[in-house]
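1. heads up, no residue letters with this:
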(Lines give C-alpha, C1' and ligand atoms only; values in the text may rest on other atoms or scores of the structure.)
Protein backbone atom coordinates (compact mmCIF):
# COMPACT_ATOMS: atom_id res chain seq x y z
CA UNK A 1 0.00 0.00 0.00
CA UNK A 2 1.68 3.17 -1.21
CA UNK A 3 -0.96 5.79 -0.70
CA UNK A 4 -2.31 8.24 1.81
CA UNK A 5 -6.08 8.17 2.21
CA UNK A 6 -8.27 10.93 3.58
CA UNK A 7 -11.90 10.99 4.64
CA UNK A 8 -14.30 12.52 4.00
CA UNK A 9 -13.67 13.81 0.47
CA UNK A 10 -16.04 16.69 1.02
CA UNK A 11 -17.41 18.29 4.19
CA UNK A 12 -19.89 21.08 4.76
CA UNK A 13 -20.24 22.35 8.32
CA UNK A 14 -21.73 25.23 10.22
CA UNK A 15 -19.72 27.50 12.47
CA UNK A 16 -21.08 25.80 15.61
CA UNK A 17 -20.43 22.24 14.45
CA UNK A 18 -17.71 19.85 15.58
CA UNK A 19 -16.25 17.60 12.91
CA UNK A 20 -13.09 15.60 12.29
CA UNK A 21 -10.92 14.95 9.27
CA UNK A 22 -9.12 11.63 9.05
CA UNK A 23 -5.90 10.60 7.36
CA UNK A 24 -4.41 7.13 7.12
CA UNK A 25 -1.24 5.61 5.69
CA UNK A 26 0.14 2.08 5.82
CA UNK A 27 3.60 2.76 4.43
CA UNK A 28 5.27 2.69 7.83
CA UNK A 29 5.95 6.40 7.65
CA UNK A 30 6.80 8.03 10.97
CA UNK A 31 6.17 11.66 10.03
CA UNK A 32 2.72 12.99 9.15
CA UNK A 33 1.59 16.47 8.18
CA UNK A 34 -1.50 18.63 7.85
CA UNK A 35 -1.61 21.35 5.19
CA UNK A 36 -4.28 23.91 4.30
CA UNK A 37 -4.64 25.01 0.68
CA UNK A 38 -6.79 27.89 -0.52
CA UNK A 39 -7.81 28.10 -4.17
CA UNK A 40 -4.97 28.95 -6.55
CA UNK A 41 -2.50 29.12 -3.65
CA UNK A 42 0.24 26.71 -2.60
CA UNK A 43 -0.33 24.48 0.44
CA UNK A 44 0.46 25.99 3.84
CA UNK A 45 1.91 23.79 6.56
CA UNK A 46 -0.23 23.53 9.71
CA UNK A 47 1.12 20.69 11.85
CA UNK A 48 3.89 18.08 11.80
CA UNK A 49 3.83 14.86 13.80
CA UNK A 50 6.93 12.74 14.23
CA UNK A 51 6.72 9.34 15.91
CA UNK A 52 3.17 10.19 17.02
CA UNK A 53 4.26 13.35 18.81
CA UNK A 54 3.40 16.88 17.73
CA UNK A 55 6.66 18.41 16.56
CA UNK A 56 5.59 21.55 14.79
CA UNK A 57 2.54 23.81 15.10
CA UNK A 58 2.72 26.66 12.62
CA UNK A 59 0.77 29.05 14.87
CA UNK A 60 -2.53 27.46 13.93
CA UNK A 61 -5.66 28.72 15.77
CA UNK A 62 -6.90 26.45 18.54
CA UNK A 63 -10.15 25.77 16.67
CA UNK A 64 -7.99 23.25 14.77
CA UNK A 65 -6.87 20.39 17.01
CA UNK A 66 -4.65 17.62 15.63
CA UNK A 67 -4.45 14.13 17.06
CA UNK A 68 -2.26 11.15 16.22
CA UNK A 69 -3.84 8.04 17.79
CA UNK A 70 -1.20 5.71 16.32
CA UNK A 71 1.54 5.67 13.72
CA UNK A 72 -0.89 5.10 10.83
CA UNK A 73 -3.59 7.62 11.68
CA UNK A 74 -3.77 11.38 11.87
CA UNK A 75 -6.91 13.30 12.74
CA UNK A 76 -7.77 16.96 12.58
CA UNK A 77 -10.60 17.98 14.91
CA UNK A 78 -12.55 21.05 13.90
CA UNK A 79 -14.64 23.23 16.21
CA UNK A 80 -16.17 26.70 15.84
CA UNK A 81 -14.63 27.27 12.44
CA UNK A 82 -15.02 30.45 10.43
CA UNK A 83 -16.06 30.76 6.77
CA UNK A 84 -12.50 31.78 5.90
CA UNK A 85 -11.37 28.32 7.05
CA UNK A 86 -13.01 26.87 3.94
CA UNK A 87 -10.20 25.25 1.96
CA UNK A 88 -8.69 21.98 0.77
CA UNK A 89 -7.05 20.20 3.72
CA UNK A 90 -4.20 17.96 2.71
CA UNK A 91 -2.54 15.24 4.73
CA UNK A 92 0.95 14.02 3.87
CA UNK A 93 3.37 11.46 5.25
CA UNK A 94 7.05 10.70 4.89
CA UNK A 95 9.41 7.97 6.08
CA UNK A 96 10.91 10.49 8.42
CA UNK A 97 11.58 14.22 8.52
CA UNK A 98 14.14 14.10 5.72
CA UNK A 99 12.27 12.02 3.14
CA UNK A 100 9.81 12.75 0.33
CA UNK A 101 6.31 13.66 1.46
CA UNK A 102 3.41 11.75 -0.10
CA UNK A 103 0.13 13.64 -0.20
CA UNK A 104 -3.39 12.38 0.21
CA UNK A 105 -6.24 13.47 -2.10
CA UNK A 106 -7.45 16.06 0.39
CA UNK A 107 -10.73 16.95 2.08
CA UNK A 108 -12.58 19.89 0.60
CA UNK A 109 -14.12 21.79 3.52
CA UNK A 110 -16.84 24.40 3.27
CA UNK A 111 -17.77 26.35 6.41
CA UNK A 112 -21.12 28.10 6.26
CA UNK B 1 13.78 34.95 2.65
CA UNK B 2 13.09 31.50 1.20
CA UNK B 3 11.09 31.86 -1.99
CA UNK B 4 10.18 29.84 -5.04
CA UNK B 5 8.95 31.61 -8.16
CA UNK B 6 7.43 29.89 -11.17
CA UNK B 7 6.72 31.01 -14.68
CA UNK B 8 4.53 31.23 -16.59
CA UNK B 9 1.54 31.51 -14.26
CA UNK B 10 -0.61 29.76 -16.84
CA UNK B 11 -0.09 28.13 -20.20
CA UNK B 12 -2.31 26.76 -22.96
CA UNK B 13 -0.84 24.35 -25.51
CA UNK B 14 -2.22 22.06 -28.17
CA UNK B 15 -2.31 18.33 -27.57
CA UNK B 16 0.87 16.67 -28.79
CA UNK B 17 3.04 19.77 -28.38
CA UNK B 18 5.94 20.14 -25.94
CA UNK B 19 6.28 22.76 -23.22
CA UNK B 20 8.75 23.89 -20.58
CA UNK B 21 7.93 25.30 -17.16
CA UNK B 22 10.41 27.36 -15.17
CA UNK B 23 11.26 27.57 -11.47
CA UNK B 24 13.66 29.97 -9.71
CA UNK B 25 14.39 29.64 -6.02
CA UNK B 26 16.21 31.39 -3.21
CA UNK B 27 15.96 28.62 -0.61
CA UNK B 28 18.94 28.08 1.65
CA UNK B 29 20.40 25.77 2.73
CA UNK B 30 19.21 23.75 -0.24
CA UNK B 31 18.27 20.12 0.28
CA UNK B 32 16.33 19.02 -2.81
CA UNK B 33 13.84 20.17 -5.43
CA UNK B 34 10.65 18.40 -6.42
CA UNK B 35 8.11 18.90 -9.14
CA UNK B 36 4.55 17.98 -8.24
CA UNK B 37 1.47 17.67 -10.44
CA UNK B 38 -1.79 18.72 -8.82
CA UNK B 39 -5.18 18.16 -10.41
CA UNK B 40 -7.89 20.59 -9.32
CA UNK B 41 -9.20 19.70 -5.86
CA UNK B 42 -6.75 16.83 -5.45
CA UNK B 43 -3.51 16.33 -3.54
CA UNK B 44 -0.13 16.93 -5.24
CA UNK B 45 1.58 13.93 -6.81
CA UNK B 46 5.37 13.83 -6.98
CA UNK B 47 6.84 13.72 -10.50
CA UNK B 48 10.58 14.10 -9.87
CA UNK B 49 12.98 14.83 -7.05
CA UNK B 50 16.53 16.11 -7.51
CA UNK B 51 19.35 16.72 -5.08
CA UNK B 52 22.20 19.22 -5.39
CA UNK B 53 24.37 16.93 -7.50
CA UNK B 54 21.72 15.94 -10.04
CA UNK B 55 21.30 17.90 -13.28
CA UNK B 56 18.45 16.04 -14.91
CA UNK B 57 15.80 13.50 -13.98
CA UNK B 58 13.18 11.90 -16.20
CA UNK B 59 9.83 10.29 -15.43
CA UNK B 60 8.17 9.16 -18.65
CA UNK B 61 7.29 12.23 -20.68
CA UNK B 62 8.43 14.54 -17.87
CA UNK B 63 12.06 15.69 -17.71
CA UNK B 64 13.29 17.99 -14.96
CA UNK B 65 16.58 19.87 -14.96
CA UNK B 66 18.39 21.58 -12.10
CA UNK B 67 21.13 24.20 -12.18
CA UNK B 68 22.19 24.58 -8.56
CA UNK B 69 24.58 27.41 -9.41
CA UNK B 70 21.92 29.68 -10.88
CA UNK B 71 19.19 28.19 -8.63
CA UNK B 72 16.95 27.39 -11.56
CA UNK B 73 14.95 24.33 -12.53
CA UNK B 74 12.75 23.48 -15.46
CA UNK B 75 10.14 20.84 -16.19
CA UNK B 76 9.83 19.77 -19.81
CA UNK B 77 6.71 17.92 -20.92
CA UNK B 78 6.97 16.02 -24.19
CA UNK B 79 4.09 15.13 -26.50
CA UNK B 80 1.47 16.60 -24.19
CA UNK B 81 -1.79 14.79 -23.51
CA UNK B 82 -5.16 16.12 -22.36
CA UNK B 83 -4.55 14.45 -18.99
CA UNK B 84 -1.51 16.68 -18.48
CA UNK B 85 -3.88 19.57 -17.78
CA UNK B 86 -3.17 20.42 -14.14
CA UNK B 87 -1.12 22.72 -11.91
CA UNK B 88 2.59 21.99 -11.74
CA UNK B 89 4.21 23.02 -8.51
CA UNK B 90 7.93 23.43 -7.88
CA UNK B 91 8.79 22.64 -4.26
CA UNK B 92 12.20 23.26 -2.73
CA UNK B 93 13.26 21.74 0.58
CA UNK B 94 15.41 23.63 3.04
CA UNK B 95 17.91 21.57 5.00
CA UNK B 96 16.50 22.34 8.44
CA UNK B 97 15.60 20.01 11.27
CA UNK B 98 12.88 18.66 9.07
CA UNK B 99 12.06 18.85 5.36
CA UNK B 100 10.58 22.35 5.36
CA UNK B 101 8.91 22.58 1.97
CA UNK B 102 8.82 25.93 0.20
CA UNK B 103 6.09 25.81 -2.43
CA UNK B 104 5.98 27.79 -5.63
CA UNK B 105 2.63 29.24 -6.70
CA UNK B 106 2.45 26.81 -9.59
CA UNK B 107 1.93 26.93 -13.33
CA UNK B 108 -1.56 26.06 -14.52
CA UNK B 109 -1.30 24.08 -17.73
CA UNK B 110 -4.22 23.51 -20.06
CA UNK B 111 -3.75 21.07 -22.92
CA UNK B 112 -6.29 21.77 -25.62
CA UNK B 113 -7.49 19.21 -28.20
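-> That came in fine, so what should we check first? Because the structure is predicted, anything quoted here is derived from the model rather than measured.
2. residue A:62: neighbour count?
-> 8 (other Cβ atoms under 10 Å in any protein chain shown). Yep, even glycine has a C-beta here, placed from its N, CA and C like the rest.
3. state the distance from it to residue A:77.
-> 11 Å (Cβ to Cβ, to the nearest Å).
4. identify the residues contacting stretch A:41-60?
-> For stretch A:41-60, contacts defined as Cβ atoms under 8 Å, 6 or more residues apart in numbering or on different chains pick out A:30-37, A:64, A:66, A:68, A:70-71, A:74, A:76, A:90, A:96-97, B:44, B:89, B:98, B:100-101, B:103-106.
5. now it: buried residues?
-> For stretch A:41-60, the neighbour count (16 or more other Cβ atoms under 10 Å in any protein chain shown) marks A:42-43, A:45-50, A:56, A:60 as buried.
6. ok, stretch B:49-56 next?
-> B:49-50.
7. now the lowest-mean-pLDDT helix or strand in chain B: how far from the chain's centre is it?
-> Sorting the helices and strands of chain B by mean pLDDT, DSSP states H and E puts strand B:99-103 at the bottom, at a mean of 80. How far strand B:99-103 lies from its chain's middle: 13 Å, per Cα atoms, centre = their mean, to the nearest Å.
8. what's it packed up against?
-> strand B:86-95 (3 or more Cβ pairs under 8 Å, 6 or more residues apart in numbering or on different chains; DSSP states H and E).
9. what's the angle between the strand it packs on and strand B:99-103?
-> 140 degrees (axes from the mean of the first three to the mean of the last three Cα atoms, to 10 degrees).
10. tell me which two of the buried residues of stretch A:41-60 sit farthest apart.
-> Largest separation among those by Cβ to Cβ: A:42 and A:50, giving 22.5 Å.
11. can you get me a residue count around residue B:64?
-> Residue B:64, neighbours per other Cβ under 10 Å, totals 24.
12. ugh, typo on my part, it should be residue B:1
-> Neighbour tally, residue B:1, other Cβ under 10 Å: 6.
13. quick one: the closest residue to it other than its chain neighbours and chain A, what's the gap?
-> Distances taken as Cβ to Cβ, 6 or more residues apart in numbering or on different chains put residue B:26 closest to residue B:1, at 7.1 Å, once the chain neighbours are dropped. Separation of residue B:26 from chain A (Cβ to the nearest Cβ, to the nearest Å) stands at 15 Å.
14. show me the contacts for residue B:26.
-> Here residue B:26 is in contact with B:1-4, B:71 (criterion: Cβ under 8 Å, 6+ apart).
15. whichever of those residues end up buried, select them in PyMOL.
-> Burial among the contacts of residue B:26 is assessed by 16+ other Cβ under 10 Å; the matching PyMOL selection reads:
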select buried, chain B and resi 4+71
